[in-house]
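1. Pasting a predicted model and its sequence here:
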Amino acid sequence: MKIAPPSFEEALAASLQDFPRPFRTAEHLGTAMRRLIAEGLADLPLPGGGKTWERWRALAGVGAFDLSLAKVYEGHTDALAILAELKGTTSDGLWAVWAAEPPNARVTFREGMVSGRKPWCSGAAVVDHAVISAWAESGEPILAQVGLHQPEVSVEKGGWKAVGMSASESVSVVFEEARAAAVGGTGDYVARPGFWQGGAGIAAVWYGGAVAIARTLADSARIANDPHAASHLGSVDFALRAAKALLMETAAWIDAHPQADACAAALRVRACVEAAANEVLLRTGRALGPGPLCSDAIHAQRCADLPVFLRQSHAEHDLAALGRCVTSDSPAWDL
C-alpha cells in the first residue's frame, strides 16, 4: 500500500513541534525559519509560474500556524521571488523585504552603498540579508540588496510595543554607508508584474490566520446546543468560502496572465479576505465569549495578531484605488 506524503501543513507542524507556542520573540522566529529553510519548506513556487495556488496554500498554512512566523516567512519567500524576477544575487540565510516609505525616513543608494533609516523591519534582529527600497542619485526609487552582518548596519532597540505581532519585532534599521547592490533598475520594484502578485499573496496569509481562529469556533461544543453560536459559525463559513473562492480565482488569473498588471486583482482579493477575517474575529468573539481569549494562549495571540497584520491593508485608500481600477469593468459582474 502506497503511503501518501505528508501535506505541507503536516510537514510544517512536524518540523516545529518542539517549539513553544505561540512564538514570543524574534529569536524564536529566526531559529524556526532556519529550520524550515534547511528542510526545504521555504522553497515555494514563484508567483505567476503556474503554481501560484500552491504557493498561496503554503503561505496560508504558515499563517494558520503562527502569524508572526508568517510575517517573516512571507518576507523571506517574497525576497527570493523579487531576486528571481529582477535577476538579483541570492545568498544562503534568512531574507527579508523592507519597503516602508514613511515621510520621515528615507534610505539612499549611492555608489554601491546605502545610508539612512528604514522603519518597520520585521525580524530585523535575526535576518541575514534584506531587499530594501531606496532612492537613487537620480531621485528615483530603486531596490538594493544588503547583507546585515556588517558594522555599518545597526538595529535599533525598543520602539516595538505591539501586543499583536509582538514576536515579529518590526523595529527600525540604520544603514551608514553599508555595502549594497542594486536589484534591477530604477522604478522596477513597483513596475514589475510580481509587485501586485506578491501583494495578493499577503491575503493568503491573512486567510490562514482567519481560518485558524474560525476553527476554534467550529470545534466548540456550543455549536450543537446554542443556536446563536451556530448562526455565527454559519456566517463565518460563507465569508471564508467566498474569500477562498476569490483567492482561487485570483491565483488562476495570475497564472494565466503572468505579465499583466495585477493591481485590481490584488486589491480586490485583499479587500475580500480582510472583510472575511474581520467577520471571523467578530463572530468568534461573540459566539464564544472571553473564555478562549483568556484560557487558550495560541488562540488569544492569533486574535491579537490578525488585526495588526490586517493593517498592512490601507483600508479606504485601497478601496478607492480599486474603484478607480474598475470603472469600466462592470460587465465582469454579470453571471
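-> Alright, I've got the coordinates. Residues are numbered from 1 along each chain as shown.
2. Now do the helix or strand where residue 114 lies: everything it contacts.
-> Using DSSP states H and E, residue 114 maps to strand 113-121. Residues outside strand 113-121 that contact it (C-beta atoms under 8 Å, 6 or more residues apart in numbering): 96, 98, 100, 102, 105-108, 127, 130, 132, 134, 144, 146, 155, 170-180. No exception for glycine: its C-beta is placed from N, CA and C like everyone else's.
3. Among these, which ones are in helices?
-> Residues of those located in helices (DSSP state H): none.
4. Let's see the PyMOL selection covering just the buried ones among these.
-> Selecting the buried subset of the contacts of strand 113-121 in PyMOL, with 16 or more other C-beta atoms under 10 Å as the burial test, is done by:
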select buried, resi 96+98+107+108+127+130+132+134+144+146+155+170+171+172+173+174+175+178+180
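5. among the contacts of strand 113-121, which are in strands?
-> Those of these mapping onto strands are 96, 98, 107-108, 130, 132, 134, 144, 146, 155, 171-179, per DSSP state E.
6. Quick check: mean pLDDT of the strand holding residue 114?
-> In this model, strand 113-121 has a mean pLDDT of 97.
7. Need the CA coordinates for it. PDB is fine.
-> Extracted C-alpha coordinates of strand 113-121, given in PDB (Å, rounded to 0.1, in the frame of the first residue of the first chain):
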ATOM      1  CA  MET A 113      26.300  51.900  -0.600                       C
ATOM      2  CA  VAL A 114      23.100  52.500   1.300                       C
ATOM      3  CA  SER A 115      22.600  55.100   4.100                       C
ATOM      4  CA  GLY A 116      19.600  56.100   6.100                       C
ATOM      5  CA  ARG A 117      17.000  54.700   8.500                       C
ATOM      6  CA  LYS A 118      14.400  52.100   7.400                       C
ATOM      7  CA  PRO A 119      11.400  51.600   9.700                       C
ATOM      8  CA  TRP A 120       9.000  48.600  10.100                       C
ATOM      9  CA  CYS A 121      11.700  46.000   9.500                       C
END
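8. Number of residues surrounding the closest residue to residue 222 other than its chain neighbours?
-> Leaving aside its chain neighbours, residue 222 sits nearest to residue 229 (4.1 Å; criterion: C-beta to C-beta, 6 or more residues apart in numbering). Using other C-beta atoms under 10 Å, the number of residues around residue 229 comes to 21.
9. Give me the distance between the helix or strand residue 229 falls within and the centre of its chain.
-> Assessed by DSSP H and E, residue 229 sits inside helix 227-256. In terms of C-alpha atoms, centre = their mean, to the nearest Å, the centre of helix 227-256 is found 19 Å from the chain centre.
10. which helices and strands sit right next to that helix?
-> The elements that helix 227-256 packs onto, with contact taken as 3 or more C-beta pairs under 8 Å, 6 or more residues apart in numbering; DSSP states H and E, are helix 52-65, helix 194-218, helix 222-225, helix 263-288.
11. Which positions in it come out as buried?
-> 229-230, 232-233, 235-236, 239-240, 243-244, 246-247, 250-251, 253-255.
12. tell me the mean pLDDT over it?
-> 98.
13. That one to helix 194-218, inter-axis angle?
-> Between the axes of helix 227-256 and helix 194-218, defined by axes from the mean of the first three to the mean of the last three C-alpha atoms, to 10 degrees, the angle is 160 degrees.
14. Helix 227-256 versus helix 263-288: what angle between them?
-> Relative orientation of helix 227-256 versus helix 263-288 (the same axes, to 10 degrees): 160 degrees.
15. okay, now residue 276: neighbour count?
-> 26.
16. Likewise for residue 121?
-> Residue 121: 26 neighbours (other C-beta under 10 Å).
17. same check, this time on the one 3 residues further on
-> Residue 124 is flanked by 24 other residues according to other C-beta under 10 Å.
18. got a list of what it touches?
-> Residue 124 touches 26, 96, 148, 155, 169, 170, 171, 172, 173, counting by C-beta under 8 Å, 6+ apart.
19. check contacts around the most centrally placed residue in the chain.
-> Computing the C-alpha centroid of the chain and ranking residues by C-alpha atoms, centre = their mean puts residue 202 first, at 4.2 Å. Residues near residue 202 by C-beta under 8 Å, 6+ apart: 74, 270, 312.
20. Residue 277: which of those is nearest?
-> Nearest to residue 277 among the contacts of residue 202 is residue 270, at 10.4 Å by C-beta to C-beta.
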